[in-house]
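K.L.:
Give me a 3D structure for the following:
(chains A and B)
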Amino acid sequence: MVVERDHHGFDAPAPLGHPGRAGLPKGHSTGPEIGQRLPDFTLPNANGTPVDYHNDRAGRKSVVVFYRSAVW
Amino acid sequence: MVAKFFHDSYKKRDSPELYIDAALGQLNLDENAPQATGGDQDIALTVAVHGGKGTVRQGVVRHLVVRFELPDGIHIYGPPVPDGMIATTVTIAGPEGFMVMPPELPATEKLTLPGVAELNVWHGTVDLIYPFYATGELASECRPLDVPSIDINILVRYQACTDQECLLPKTENLTLSLNLDVIDMPAIDIHTGHGQREGNYDGTAALKRLLARKIKQHPLGVPIFLAKTLWLQIGALLRKLSR
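P.N.:
Just a heads-up that it's a prediction; the model follows:
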């Protein structure tokens, strides 16, 4: 099996061109842009209490992370 | 939203300091992280690593910051520049597995001088940011490090000018020694460091699930899958042979 390196410098058993290695198509949306307001949403916190993102922050800044793991 | 970080590969993620910078709206260099200085009595040039105290870690994006501190009346150029003038360029070289991403450059200001095409200039404090990360072959999370640190060479070329005259172009060659981050990871065979697969593992179970899924999707799912895979492998082989 040929292991190919992609432009990120990563190797993988699947060859380049395999759907599993494809990046986002050019121009694909990645969500709200800088300057836009994030949509309203409410999600439970670690204690199960619903948190309204915009109303419960009381104007404080926040970091919203979408990630498949959170190891730094 | 004041900043947005997006990677189209889960094998990369930002150093948390970069989020703090975005929230604060400023870049605060860590004085304890590796730095090298150049420039002269008028122009201060500093290259520094920002994030993770300057360490290099698999898949974590740190920033290499090239900072110019220009006195009043002096500017440097961003691309493009007319013939005969020197745009600021930064060339970064490191060992295999040291990956530099496209730079994040501040917006230039337009400067129009009589008889000269419109120029793109920076003045004051200018931070040219070059995000970088290490792949698993350089700084792995799942095997002992080959070396404790690496040297990064940074070649900076620029020309400083006033509105009336230009100084001679300068080339500065700076070196930073960066420690590789030591990480304790659980000794689980399948965990090889954030998807950056290294070594061998038994994929039989995964292959069985894949074949079952293909058959479920289509009666000829397996031969179709094998044909596609063969086609991609031939393409990969041809690309390898053509290099």
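K.L.:
who in chain A is up against chain B?
P.N.:
When proximity is defined by Cβ under 8 Å from any Cβ of the partner chain, chain A lies next to chain B at A:1-2, A:4, A:8-18, A:23-24, A:30-38, A:61, A:63, A:67-69, A:71-72. Where you see a C-beta, it was placed from the backbone N, CA and C, and this is true even at glycine.
K.L.:
try 6 Å this time
P.N.:
Counting by Cβ under 6 Å from any Cβ of the partner chain, chain A comes close to chain B at A:2, A:4, A:8-10, A:15, A:17-18, A:23-24, A:30, A:32, A:34, A:36, A:61, A:63, A:68, A:72.
K.L.:
Which of those are buried? Put it as a PyMOL command.
P.N.:
The following PyMOL selection, which keeps only the buried ones among the residues of chain A next to chain B, applies the criterion 16 or more other Cβ atoms under 10 Å in any protein chain shown:
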select buried, chain A and resi 2+4+8+9+10+15+18
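K.L.:
Would you mind naming what in chain B lies close to chain A?
P.N.:
Residues of chain B that fall close to chain A, judged by Cβ under 6 Å from any Cβ: B:1, B:4, B:6, B:8-11, B:16, B:19, B:23, B:99, B:135, B:196, B:232-233, B:236-237, B:240.
K.L.:
So among those residues, which ones count as buried?
P.N.:
Neighbour-count burial within the residues of chain B next to chain A applies to B:9, B:11, B:99, B:135, B:196, B:232-233, B:236; the criterion is 16+ other Cβ under 10 Å.
K.L.:
export the residues you listed to CSV and tack on pLDDT and secondary structure?
P.N.:
Written out in CSV, the entries for these read as follows (pLDDT from 0 to 100; DSSP: H, G, I helix; E, B strand; the rest coil):
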residue, pLDDT, secondary structure
B:9, 80, coil
B:11, 80, coil
B:99, 95, strand
B:135, 89, coil
B:196, 51, coil
B:232, 89, helix
B:233, 86, helix
B:236, 86, helix
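K.L.:
tell me the two of those that are most distant?
P.N.:
B:99 and B:233 (25.6 Å; Cβ to Cβ).
K.L.:
I figured residue B:34 was touching residue B:176, is that so?
P.N.:
Yes. In this structure, residue B:34 sits in contact with residue B:176. The criterion is Cβ atoms under 6 Å, and the distance is 4.7 Å.
K.L.:
Run a quick neighbour tally on residue B:5.
P.N.:
15 (other Cβ atoms under 10 Å in any protein chain shown).
K.L.:
and it, what is it in contact with?
P.N.:
For residue B:5, the set of contacting residues under the criterion of Cβ atoms under 6 Å, 6 or more residues apart in numbering or on different chains consists of residue B:14.
K.L.:
quick one, what contacts residue A:59?
P.N.:
If you count contacts by Cβ under 6 Å, 6+ apart, residue A:59 has none.
K.L.:
Which secondary structure state is assigned to it?
P.N.:
When the structure is reduced to helix, strand and coil (DSSP: H, G, I helix; E, B strand; the rest coil), residue A:59 reads as coil.
K.L.:
pLDDT value on it, please?
P.N.:
Looking at residue A:59, its pLDDT is 85.
K.L.:
mind listing which of the residues of chain A next to chain B are in strands?
P.N.:
Here DSSP state E is the test, and these give residue A:4 as lying in strands.
K.L.:
tell me which residues of whichever strand or helix holds residue B:228 are tucked away?
P.N.:
For residue B:228, the enclosing helix or strand under DSSP states H and E is helix B:221-242. Under the neighbour-count criterion of 16+ other Cβ under 10 Å, helix B:221-242 has B:221, B:225, B:232-233, B:235-236 buried.
K.L.:
List the contacts of residue B:86.
P.N.:
So, once contact is read as Cβ under 6 Å, 6+ apart, residue B:86 ends up touching B:159, B:169.
K.L.:
Let me know the distance separating it from chain A.
P.N.:
For residue B:86, the distance to chain A under the criterion Cβ to the nearest Cβ, to the nearest Å works out to 29 Å.
K.L.:
Assign that residue to helix, strand or coil.
P.N.:
coil.
K.L.:
mind listing the helices for chain B?
P.N.:
Secondary structure of chain B by DSSP state H: the helices cover B:16-24, B:204-217, B:221-242.
K.L.:
Mind listing the residues bridging to residue B:155?
P.N.:
In this structure, residue B:155 bridges to residue B:91, residue B:173 when assessed by DSSP bridges.
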